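J.: 3D, please:
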Amino acid sequence: MKKTTTAIAATLAALALGSSALATMELQKEYKAKDTKANCASCHTEKMPKKDKADLNDLGKKVKDAKGADGKIDWTKVPAPAAK
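T.: Below is the predicted model:
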């Protein structure tokens, strides 16, 4: 019984931590309000990143640093896109 409880708790913790690190469509929609030309490559080094290998560029690292404990992004800490 104790092993089952421990296994369930570990699984739930892994899911919670793993899913909070992923960029979601909601996150992309929030950023698109700042930059209408935003896409995956705006924050990632690859145009179409894989879930298990998603390297971040400088902007992606700033977005990750602006993420609070509650999982929400403080967009005031993320620089506005440069005008082109």
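J.: if I look at the residue nearest in space to the middle of the chain, how far off is T4?
T.: Centroid-nearest residue in the chain, with Cα atoms, centre = their mean: A23, separated by 3.4 Å. Taking Cβ to Cβ, to the nearest Å as the measure, A23 falls 33 Å from T4. Just so you know, the C-beta spots here come from the backbone N, C-alpha and C atoms, and that holds for glycine as well.
J.: Helix, strand or coil: sort out the nearest residue to A41 once chain neighbours are set aside for me.
T.: Nearest non-adjacent residue to A41, counting by Cβ to Cβ, 6 or more residues apart in numbering: K47, 4.7 Å away. What DSSP: H, G, I helix; E, B strand; the rest coil gives for K47 is coil.
J.: Run a quick neighbour tally on K47.
T.: Neighbourhood size, K47 [other Cβ atoms under 10 Å]: 8.
J.: Repeat that for the one 3 residues further on.
T.: Other residues near K50 number 8, with proximity taken as other Cβ under 10 Å.
J.: Now do it against D65, distance only.
T.: Counting by Cβ to Cβ, the gap from K50 to D65 is 22 Å.
J.: Sketch out the low-pLDDT regions of the chain for me.
T.: 1-3, 5-22, 83-84 (pLDDT under 70).
J.: quick one: contacts for K64?
T.: L56 (Cβ atoms under 8 Å, 6 or more residues apart in numbering).
J.: and the gap between it and A54?
T.: Taken as Cβ to Cβ, the span from K64 to A54 is 11 Å.
J.: With Y31 instead?
T.: From Y31 to A54 the distance is 15 Å (Cβ to Cβ).
J.: who has more neighbours, these two?
T.: The residue with more neighbours, out of Y31 and A54, is Y31; 21 against 16, by other Cβ under 10 Å.
J.: How about that one: what's its closest non-neighbour residue?
T.: Closest to Y31 by Cβ to Cβ, 6+ apart is A38, at 5.0 Å.
J.: If anything else comes up later, I'll come back, but that's it for now.
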